[in-house]
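1. can you look at this prediction? I've put the sequence above it.
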Amino acid sequence: MRIRKFICAAVLAAFTCVSVGGCYGKYALFNSAHKFGGHLGGKWVGAVVNLVFWGVGVYGICLLGDLLIFNTIEFWTGSNPVAMGDVYQETDEHGNKIYAVRNTDGTLSVSVTDTAGHKADFTLERDANVVRIIDTNNDVIASQILDNDGEIIAQVAAR
């Protein structure tokens, strides 16, 4: 009987590792709770709020929800429902679709699909007043120089 329980536990552990192991996502719920606690006051108030959130179990529930639900949804769909501010989707009047995701490093990953089904993927990267368009091979396709008001001063095509 003990062997059977051990085998069941091992199979369950292996299944859990395989099914959830690749779901390392944004942990958006936990990060939202942590950001909320940090913005309530100065560093001392933030420290007390963090201790209370750990003690009451708010952070634990958020981590469990991210691990079991939201990061799994993000793994299978590509977007985290809690981090909706990080995702932009739109279809224009001609049927062209654009999908953009803000990355943790501040860049923007963009995918554009036209009505014929042709797809282009690229990354937008901004440093001060320069915006670069980078393709999937990490080559700069083009760049724009902006003034302080965000107006385009110059455009440079790299190809």
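-> Sure thing, it's come through. Numbering: from 1, shown residues only.
2. could you identify the longest strand within this protein?
-> The residue-count maximum for a strand in the chain (DSSP state E) belongs to strand 119-127.
3. show me the contact partners of that strand.
-> Strand 119-127 is contacted from outside by 103, 106-113, 131-136, 141, using CB atoms under 8 Å, 6 or more residues apart in numbering. Quick note: C-beta positions are derived from backbone N, CA and C, even for glycine.
4. now, which of the residues you listed lie within helices?
-> Using DSSP state H, the subset of these located in helices is empty.
5. quick check, nearest of those residues to Ile152?
-> Comparing the contacts of strand 119-127 against Ile152 with CB to CB places Val131 closest, at 8.9 Å.
6. still on that earlier bit, distance from the longest strand of the chain to the middle of the chain?
-> Strand 119-127 has its C-alpha centroid displaced from the chain centroid by 15 Å (CA atoms, centre = their mean, to the nearest Å).
7. in that strand, which residues are buried?
-> Neighbour counts using 16 or more other CB atoms under 10 Å place Phe122, Thr123, Leu124, Glu125 of strand 119-127 among the buried residues.
8. from Ile141, how far off is the closest residue to the second one other than its chain neighbours?
-> The shortest distance from Thr123 to any residue that is not its chain neighbour, by CB to CB, 6 or more residues apart in numbering, is 4.5 Å, and that residue is Ile134. For Ile134, the distance to Ile141 under the criterion CB to CB, to the nearest Å works out to 7 Å.
9. between those two, which is the more surrounded one?
-> Set side by side, Ile134 and Ile141 show more neighbours around Ile134, with 18 against 15, by other CB atoms under 10 Å.
10. from what I see, the more buried one and Val140 are in contact.
-> Yes. With contact defined as CB atoms under 8 Å, Ile134 reaches Val140; the gap is 5.7 Å.
11. bridge partners for Ala154, pull those for me.
-> Assessed by DSSP bridges, Ala154 has beta-bridge partners Ile145.
12. for it, give its distance to Leu146.
-> 9 Å.
13. the two: who's more crowded?
-> Shown here are Ala154 and Leu146; by other CB under 10 Å, Leu146 has more neighbours (15 against 10).
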